[in-house]
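[1] got a sequence here, can you model it:
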Amino acid sequence: MFKVTEKPREALEKPSRENIEYIIEWIKKKVNVVNTAAINPTSFDTDHYEDLLDLYDIMRKKNQFTMSELDSILTELGKMRKR
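    Numbers count the residues shown, from 1 in each chain. From the prediction side, this is the model:
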């Protein structure tokens with residue numbers, strides 16, 4: 001089962017590079033991404049911070065994801081990446 005020391009939700013309110021890195025690393029661990037280089041925190045900026053935070057909040061509520069949900073999560077992350 002997935003376990004990680006989580007930051008208090010309040011600590012993530014402010015968009016910052018540190019918070020983006022935390023959220024992306026948390027998501028990678030939560031979905032057990034094999035190719036972790038494919039989702040690099042430096043590929044995300046604060047323009048999509050609220051979307052990242054929303055995805056993080058949604059994912060915190062579930063312990064497991066279907067293949068369809070995982071696909072949707074990765075698709076959304078792809079849309080948020082810097083171009």
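
[2] now the helices for the protein?
    In the chain, the helices defined using DSSP state H lie at 17-30, 49-60, 67-80.

[3] buried ones in the second one, by neighbour count?
    By neighbour count with 16 or more other CB atoms under 10 Å, helix 49-60 contains the buried residues 49, 52-53, 55-56, 59. Yep, even glycine has a C-beta here, placed from its N, CA and C like the rest.

[4] mind putting those residues into a markdown table with distance to residue 27 and pLDDT?
    Shown next, in a markdown table, are the buried residues of helix 49-60 (distance: CB to CB, whole Å; pLDDT from 0 to 100):
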| residue | distance to residue 27 | pLDDT |
| --- | --- | --- |
| 49 | 14 | 96 |
| 52 | 8 | 96 |
| 53 | 11 | 96 |
| 55 | 7 | 96 |
| 56 | 7 | 95 |
| 59 | 6 | 94 |
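
[5] mind putting the residues you listed in a markdown table, distance to residue 66 included?
    Compiled in a markdown table, the buried residues of helix 49-60 are given as follows (distance: CB to CB, whole Å):
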| residue | distance to residue 66 |
| --- | --- |
| 49 | 27 |
| 52 | 21 |
| 53 | 23 |
| 55 | 16 |
| 56 | 19 |
| 59 | 13 |
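
[6] and of the helices of the chain, who's closest to residue 42?
    With CB to CB, the closest approach to residue 42 among those belongs to helix 17-30: 8.2 Å.

[7] list of residues touching the closest one?
    Helix 17-30 is contacted from outside by 2, 4, 6-7, 11-12, 36, 39-41, 44-46, 49, 52-53, 55-56, 59, 73, 77, using CB atoms under 8 Å, 6 or more residues apart in numbering.

[8] report the buried members of those residues.
    12, 39, 44, 49, 52-53, 55-56, 59, 73, 77.
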